[in-house]
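In: Predicted coordinates and the sequence they were generated for:
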Amino acid sequence: MKKLSWFHCHSCKETMAAYLFLLPNLLGFLVFTSVPVMASLLLSFVEWDLLSWPPRFVGGANFVALLRDPYFWQYCGNTVYLMMSIPFSMAGSLILALALNQKLRGIVFFRTVYFLPTLCSGVAIYMLWRLIYNPEFGVFNQFIAKAGELLNLRLTGPQWLTDERWAKPALIIMGVWQMVGGYNMILYLAALQGVPRDYYDAAEVDGANGWQKFWAVTWPQISPTTFFIAIMSIIGGFQAGFDPAYIMTGGGPNGSTTTIIFYLYNNAFQWHNMGYAAAIAWVLFVIVFAFTLFQWRFYGKNVHY
Amino acid sequence: MDVETDNNRLERRRTLDQVKRSHLHRLILQKIGSYALLSAGAVSMVAPFLWMISTSLKAPGAVFSFQQTWWEEWIPTSFVWENYVKAMRVVPFLNFYLNSIFVTLCVTLGQVATSAMAGYAFARLKFPGRDRIFFGYLSTMMVPGAVTMIPVFILLKTLGWVDTYKAMILPGIFTAYGTFMLRQFFMTLPKDLEDAAKMDGCNYLGIFWRIILPLSKPALATLTTFTFMGSWMNFMWPLIVINTQEKFTLPVGLAYFQSLHHTDWTLLMAASVMMILPILLVFIFNQRFFVEGIKLTGIKG
């Protein structure tokens, strides 16, 4: 029997080539993703300030402390509260997509303009909104004051970012502005273009008006997209809020705009409670995982027509 | 008999015309309504940006004054271009710019190159453990970045890499997402060309370089634009790993600027305009890839 040498065996050559192609990415993936995921689980069971060695094993104490930490619950509440921007922006995205889904001129122009806030999201935009919400010379309060002049009233707008009651609504308004014309609108537009024309024709034959056509044809047809956008936005929402909190409010006033991720950052990189921060990260992971599972389970069951 | 049917026919046509005409009226009304809605939306999207630009061109005192008419709020009486020069002098803004460009280019090139190679291996080559490794990639895609952030920081600290460019670049390069996206795209390419190339004695590198990559330009462009954007705007990670001002990227530099000059609105806005500009240019030239990319990721999940 002829013995095949390593280099002359076809599949061995393919295997070698495959591992060489994979190597750089796999190495990076192991070092910066998969090992750290494991490591953070281990970290969540220790108490460590980065300086002392070795870290002190505390079992589940971090998680117990977390569940008893009133601040953590407050910040979870803030995170969920701030997600109120999701339904508003989704409704806006759908309305804009419906308006765009016609034979109109200038669609590309509108699409570009609507995408600007999503495109430029970041430190610069949050600084801009800090100016917009300035109580004295920001756009909103000037507008309120001028509207008051017209009505012969002395109207003063809220203190927005420095008022505990108004800071969250301010961030929600900004969030809607940022999200309404972005990814979600483009996804809705794609979904609308995928609804078969025949369905509308059939509805028209039955004498349905625009409103009825929307609820009987469009809405059920795009329900998978709505579901997808909602779940992805919620998953993103749980991890959101660091940049605006850091730039605009510092998490205040009185912790009213601190989100889970901002609390995690403070614990890890300001106060050096590495174990506690890792525990927060894992709680976050469990929440996100639950929503992902939910999506997998229900995708194709409840939403398809 | 004949006359009657003709009359009937005429009658029917008339009503049909009426229906059509009312339908046309409705359509025109609908179009006007749509344009009104879309324009109102466009104005509210753009207005904050205009406010940003106009503030960046105002004289410092003009931001605070209240004796202006409404149009003076939006169009400065005199354009103070000096703000831009000043903004660049107050902090080493040019330095931040160069840092951002360097880090973004490294991350983008690194990510596209390594993802394409790995994606090719997963999509086209057979090797033991392929499906298991790929499942490993997939299962980390939903892990929040916050989970890996802390251990990666500790790792960089033990290596003595904190406050280096490496610390900003390396962790940004390797994402399961890029590999996954390109693998999905490579799977859709026809296999005939590869088989022909193999017959001609082309090796795997040749196939990858001469066939797979040229056919995948749209997908590569999409990944490039998204990675570029994400890296350019990334604030949290550089904030965590960089301590010295010389290595600040634009977002961190801008935040630092704000911490020094909390109320110098004209300068802050001038700096913001300068930060947004490159992204805007990239977007205008790559718009198509954005839209396609969003649809691709959205539909595939």
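Out: Yep, it's here.

In: Need phi/psi at the closest residue to chain A within chain B.
Out: Taking Cβ to the nearest Cβ as the measure, chain B has residue B:174 as its residue closest to chain A, at 3.1 Å. For the C-beta atoms, the positions are set from N, CA and C on the backbone; glycine is no exception. Main-chain torsions, residue B:174, degrees, to the nearest 10: phi -100, psi 100.

In: residues in contact with it?
Out: Listed by Cβ atoms under 8 Å, 6 or more residues apart in numbering or on different chains, the contact set of residue B:174 reads A:25, A:28-29, A:31-33, B:111, B:114.

In: my guess is residue A:43 meets residue A:275, correct?
Out: Yes - taking Cβ atoms under 8 Å as the definition, residue A:43 is a contact partner of residue A:275 at 5.6 Å.

In: Mind listing the shared neighbours of these two?
Out: residue A:55.

In: Residue A:156 in helix, strand or coil?
Out: Secondary structure state of residue A:156, per DSSP: H, G, I helix; E, B strand; the rest coil, is coil.

In: Around it, count how many other residues there are.
Out: By other Cβ atoms under 10 Å in any protein chain shown, the residues close to residue A:156 number 11.

In: And it, how far from residue A:130?
Out: Distance, residue A:156 to residue A:130, by Cβ to Cβ, to the nearest Å: 19 Å.

In: Below-threshold pLDDT in the stretch 201-305 of chain A: ranges please.
Out: Along the stretch 201-305 of chain A, segments meeting pLDDT under 70 span A:299-305.

In: Now do the helices in it.
Out: Counting by DSSP state H, counting those that start in this stretch, the segments of the stretch 201-305 of chain A that form helices are A:210-213, A:219-221, A:223-238, A:242-244, A:260-265, A:274-298.

In: Contacts (any at all) between chain B and the fourth one?
Out: Yes - applying Cβ under 8 Å from any Cβ of the partner chain, one finds helix A:242-244 touching chain B at A:242-243.

In: What is that helix packed up against?
Out: helix A:123-132, helix A:260-265 (3 or more Cβ pairs under 8 Å, 6 or more residues apart in numbering or on different chains; DSSP states H and E).

In: what does the third one give?
Out: Helix A:223-238 is packed against helix A:70-82, helix A:85-100, helix A:183-193, helix A:274-298, with contacts defined by 3+ Cβ pairs under 8 Å, 6+ apart.

In: redo that, cut-off 10 Å
Out: Here helix A:223-238 touches helix A:70-82, helix A:85-100, helix A:164-179, helix A:183-193, helix A:274-298, helix B:265-300, going by 3 or more Cβ pairs under 10 Å, 6 or more residues apart in numbering or on different chains; DSSP states H and E.

In: Quick one: closest of the ones you listed to residue A:249.
Out: helix A:164-179 (5.9 Å; Cβ to Cβ).

In: and the angle from that closest one to helix A:123-132?
Out: 130 degrees (axes from the mean of the first three to the mean of the last three Cα atoms, to 10 degrees).

In: Next, the angle from helix A:164-179 to helix A:183-193.
Out: Going by the same axes, to 10 degrees, helix A:164-179 makes 50 degrees with helix A:183-193.

In: what about helix A:164-179 and chain B, any contact?
Out: Yes - with Cβ under 10 Å from any Cβ of the partner chain as the criterion, chain B is reached by helix A:164-179 at A:174, A:177-178.

In: And those residues, which is closest to residue B:150?
Out: Nearest member of the residues of helix A:164-179 next to chain B to residue B:150, counting by Cβ to Cβ, is residue A:178, at 27.6 Å.

In: and residue B:178, which of the helices and strands packed on helix A:242-244 is closest to it?
Out: helix A:260-265 (22.7 Å).

In: Do the closest one and chain B come into contact?
Out: Yes - part of helix A:260-265 sits near chain B under the criterion Cβ under 10 Å from any Cβ, namely A:260-262, A:264-265.

In: Closest residue of the stretch 1-150 of chain A to chain B?
Out: Checked against chain B (Cβ to the nearest Cβ), the nearest residue in the stretch 1-150 of chain A is residue A:28, 3.1 Å away.

In: Does that residue touch residue B:117 like I think?
Out: No - using Cβ atoms under 10 Å, residue A:28 is not in contact with residue B:117, being 11.4 Å away.

In: hey, which of the helices and strands packed on helix A:223-238 is tucked in deepest?
Out: Sort the helices and strands packed on helix A:223-238 by mean neighbour count, taking mean count of other Cβ atoms under 10 Å in any protein chain shown, and helix A:183-193 sits at the top with a mean of 22.

In: got the angle for that helix vs helix A:85-100?
Out: 40 degrees.

In: For helix A:183-193, enumerate the helices and strands it packs against.
Out: Using 3+ Cβ pairs under 10 Å, 6+ apart: helix A:183-193 touches helix A:85-100, helix A:107-119, helix A:223-238, helix B:265-300.

In: Which one of those lies nearest to residue A:285?
Out: helix A:223-238 (9.9 Å).

In: I'd guess residue B:189 is in a helix, am I close?
Out: No - in this structure, residue B:189 is coil, not part of a helix, as judged by three-state DSSP.

In: who touches the residue nearest to it when sequence neighbours are not counted in this structure?
Out: Once flanking residues are discounted, residue B:189 sits nearest to residue B:215: 5.4 Å by Cβ to Cβ, 6 or more residues apart in numbering or on different chains. Residue B:215 makes contacts with B:185-186, B:188-190, B:193, as judged by Cβ atoms under 10 Å, 6 or more residues apart in numbering or on different chains.

In: So which elements touch the host helix or strand of residue B:33?
Out: Residue B:33 belongs to helix B:2-56 when assigned by DSSP states H and E. Other helices and strands packing on helix B:2-56, by 3+ Cβ pairs under 10 Å, 6+ apart, are helix A:85-100, helix A:107-119, helix A:123-132, helix A:139-150, helix A:164-179, helix B:70-74, helix B:82-90, helix B:265-300.

In: quick check: angle from it to helix A:164-179?
Out: Using the same axes, to 10 degrees, helix B:2-56 lies at 120 degrees relative to helix A:164-179.

In: mind checking how far helix B:2-56 is from the chain centre?
Out: Chain-centre distance of helix B:2-56: 34 Å, with Cα atoms, centre = their mean, to the nearest Å.

In: Point out where the stretch 151-300 of chain B drops to low pLDDT.
Out: In the stretch 151-300 of chain B, residues with pLDDT under 70: B:293, B:295-300.

In: OK, contacts around residue 271?
Out: You didn't pick a chain, so chain A it is. So residue A:271 contacts A:49, A:265, A:277 (Cβ under 10 Å, 6+ apart).

In: ah, I was thinking of chain B
Out: Counting by Cβ under 10 Å, 6+ apart, residue B:271 has contacts A:123-124, A:127, B:56, B:83-84, B:86-88, B:90-91, B:93, B:96, B:250, B:253-254, B:257-258, B:261, B:264.

In: which of the residues you listed are buried?
Out: Among the contacts of residue B:271, those classed as buried by 16 or more other Cβ atoms under 10 Å in any protein chain shown are A:123-124, A:127, B:56, B:83-84, B:86-88, B:91, B:93, B:96, B:250, B:253-254, B:257-258, B:264.

In: what sits against the residue nearest the centre of chain A?
Out: With distances taken as Cα atoms, centre = their mean, residue A:236 lies nearest the centre of chain A, 2.6 Å away. The contact partners of residue A:236, by Cβ under 10 Å, 6+ apart, come to A:83, A:86, A:179, A:183, A:288, B:144.

In: Kindly report the same for residue A:212.
Out: Applying Cβ under 10 Å, 6+ apart, the residues contacting residue A:212 are A:203, A:206.

In: which stretches of the stretch 1-150 of chain A have low pLDDT?
Out: A:1-10.

In: let's go with 90 and repeat that
Out: With pLDDT under 90 as the threshold, the stretch 1-150 of chain A has low-confidence stretches at A:1-19, A:34, A:47-61, A:100-113, A:115-116, A:118-122, A:134-150.

In: Without its sequence neighbours, what residue ends up closest to residue 147?
Out: Using chain A. Using Cβ to Cβ, 6+ apart, the closest residue to residue A:147 is residue A:155 (6.6 Å).

In: Wait, chain B was what I had in mind.
Out: residue A:281 (4.5 Å).
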